[in-house]
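Enquirer: What would the 3D arrangement of this be:
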Amino acid sequence: MVTIRQRPDGRYEARVQRDGRRYSVYGHSVADVQRKLAELERSLSLDQPPPPGTLTLGELVERWLATERRRWKPRTLANYQRLYQRHVAPVLGPVRLSRLTPDRLQRFLDQLPGERTPDQVFRLLHRCFRWGTRLGLVATNPTDRVTPPVYRPPRPRLPDAETIRRLYQHCLESADAGAPLLAFLLASGCRIGEALALRWSDIDWQKRTVRIERSGQWIGGEWVETPPKTAAGVRTLPLGDTALVALQKQRRLVAERRLRAGPAWQPHDLVFPGTHGQPLQLRTVQDALVRLCRAAGVPVLTPHQCRHAHASLLLAAGVPLTDVQKRLGHATPSITLQVYAHALGDGRAVAERLEQLLG
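Expert: Coordinates of the predicted model:
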């Protein structure tokens, strides 16, 4: 049974799903929607989707999301849905593609708030229209004729090496329940999702290594695990003595939690679980980082800044770029260089070495 609902803008909408694709019709009254719905049903029964001239941007985006969602990671799909519903749907969702001119699209992008949002929305629309042109749903990609928003990610700002060392030492000595996790992030350079999905079976105590082969995150109230961000993200990391000490400390902490939880314990085998064995919420991790950084007397870091700190220290110490790339799980050295070029120094050491070689 098809449900007709009234949207916040006063219009009525009905949705039909066929063969994994979702179609929507809009009208100013229930009768108007019923008439359009009947036309849509007739077209679909003849395997003839609505002609491109009558498609709205909202219908195109919904078809795209329904068709491509199996090819994306859950976080990618959730981000696209959030961007569309929050920024695009209220303004351009009802607009027919035949009336969506480059000028109108340009004005829409120019009025979006913030620095990153316009770039994210542009990329969403560009990818959607590229899919639509490939399937013949639209003749051209209107985003090819607008000026793309410019977004330059800010360079990571980190404390100096001595400050990071002080924080790391504090984590090794602290009784705070979040200390082993922060110490592991600083010592391994893992993404926070990789650390939260780590299992005890991934640790080889004899070889002193940890295997990274999955990433976890909460999406819409559900814990979702996927492979790492890139194929290079599946990797084995050697660990030093202090990192292993932090993990042993965490093992004792988890054993104590399991005893306290009793039958309520959730046996996920996670290295960094919550109080009852469940996957940690990111908010819990962030709160622990705030506590530990303040207790150590250093600027508060985010989980991803711990990864930046790890990479910057390695590069500043002269570790080869390719070794740092492999440890971080980047697909290519160029990605590592793009993000961490600032950590390579100003070239003074290179000049001094050249002087020595020239005599």
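Enquirer: going forward, measure contacts and count neighbours with C-alpha atoms only.
Expert: OK.
Enquirer: Count the residues that sit near residue 198.
Expert: 23 (other Cα atoms under 10 Å).
Enquirer: Actually, residue 262.
Expert: Neighbour count of residue 262, defined by other Cα under 10 Å: 10.
Enquirer: what does residue 249 give?
Expert: Using other Cα under 10 Å, residue 249 has 16 other residues around it.
Enquirer: And residue 95, by the same measure?
Expert: By the criterion of other Cα under 10 Å, residue 95 has 16 neighbours.
Enquirer: what sits against the closest residue to it other than its chain neighbours?
Expert: Excluding the flanking residues, the one nearest residue 95 by Cα to Cα, 6 or more residues apart in numbering is residue 56, at 5.2 Å. Contacts for residue 56 (Cα atoms under 8 Å, 6 or more residues apart in numbering) come out as 93-97.
Enquirer: can you put these in CSV and add secondary structure and pLDDT?
Expert: Output for these, formatted as CSV (DSSP: H, G, I helix; E, B strand; the rest coil; pLDDT from 0 to 100):
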residue, secondary structure, pLDDT
93, coil, 93
94, coil, 92
95, coil, 92
96, strand, 90
97, helix, 89
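Enquirer: from these, which would you call buried?
Expert: Neighbour-count burial (16 or more other Cα atoms under 10 Å) applied to the contacts of residue 56 gives 93-97.
Enquirer: which stretch of helix or strand covers residue 334?
Expert: Using DSSP states H and E, the element containing residue 334 is helix 333-340.
Enquirer: now residue 294
Expert: Following DSSP H and E, the helix or strand that holds residue 294 is helix 282-296.
Enquirer: Now find how far off-centre that helix is within its chain.
Expert: 21 Å (Cα atoms, centre = their mean, to the nearest Å).
Enquirer: What strand or helix carries the residue nearest to residue 230 when sequence neighbours are not counted?
Expert: Leaving aside its chain neighbours, residue 230 sits nearest to residue 331 (6.3 Å; criterion: Cα to Cα, 6+ apart). Per DSSP H and E, residue 331 falls between elements, in no helix or strand.
Enquirer: Could you report the distance from the nearest residue to residue 218 once chain neighbours are set aside to residue 279?
Expert: With Cα to Cα, 6+ apart as the criterion, residue 218 has its nearest non-adjacent residue at 6.1 Å, and that residue is residue 224. Distance, residue 224 to residue 279, by Cα to Cα, to the nearest Å: 10 Å.
Enquirer: ok, those two, which is more surrounded?
Expert: With neighbours defined as other Cα under 10 Å, residue 224 and residue 279 compare such that residue 279 has more, 22 against 16.
Enquirer: For that one, give me the pLDDT.
Expert: The per-residue pLDDT reported for residue 279 equals 96.
Enquirer: Show the contacting residues for the closest residue to it other than its chain neighbours.
Expert: Leaving out its chain neighbours, the residue that sits closest to residue 279 by Cα to Cα, 6+ apart is residue 273, at 5.1 Å. With Cα under 8 Å, 6+ apart as the criterion, the residues that contact residue 273 are 196, 254, 279-280.
Enquirer: what about the residue nearest the centre of the chain, which SS state?
Expert: The centre of the chain sits closest to residue 75, judged by Cα atoms, centre = their mean, with a distance of 5.8 Å. What DSSP: H, G, I helix; E, B strand; the rest coil gives for residue 75 is helix.
Enquirer: so what's it up against?
Expert: Residues counted as contacts of residue 75 (Cα under 8 Å, 6+ apart) are residue 219.
Enquirer: quick one: low-confidence ranges for the chain?
Expert: Residue ranges of the chain with pLDDT under 70: 1, 18-21, 43-53, 156, 341-359.
Enquirer: Apply 80 and report the result again.
Expert: Segments of the chain classed as low confidence (criterion: pLDDT under 80) are 1-3, 9, 16-25, 39-54, 153-159, 229, 316-317, 335-359.
Enquirer: Where do the strands of this structure begin and end?
Expert: Taking DSSP state E as the criterion, the chain contains strands spanning 4-6, 12-18, 21-27, 203-204, 209-212, 215-219, 222-226, 235-238.
Enquirer: just so I know, which of these lies nearest residue 130?
Expert: Closest to residue 130 of these is strand 21-27 (Cα to Cα; 17.5 Å).
Enquirer: Residues in contact with that closest one: which ones?
Expert: Contacts for strand 21-27 (Cα under 8 Å, 6+ apart): 11-17, 32-33, 36-37, 59, 62-63, 66-67, 94.
Enquirer: Drop anything exposed from these.
Expert: If you count burial by 16+ other Cα under 10 Å, the buried members of the contacts of strand 21-27 come out as 12-14, 16, 33, 36-37, 59, 62-63, 66, 94.
Enquirer: what's the closest of those residues to residue 154?
Expert: Distances from residue 154 to the buried ones among the contacts of strand 21-27, taken by Cα to Cα, are shortest for residue 62, at 32.6 Å.
Enquirer: How about the closest one, nearest residue that isn't a chain neighbour?
Expert: residue 22 (6.4 Å).
Enquirer: Check which helices and strands whichever helix in the chain runs longest sits against.
Expert: Determined from DSSP state H, the single longest helix within the chain is helix 241-261. Applying 3 or more Cα pairs under 8 Å, 6 or more residues apart in numbering; DSSP states H and E, we find helix 241-261 packed against helix 161-173, helix 179-188.
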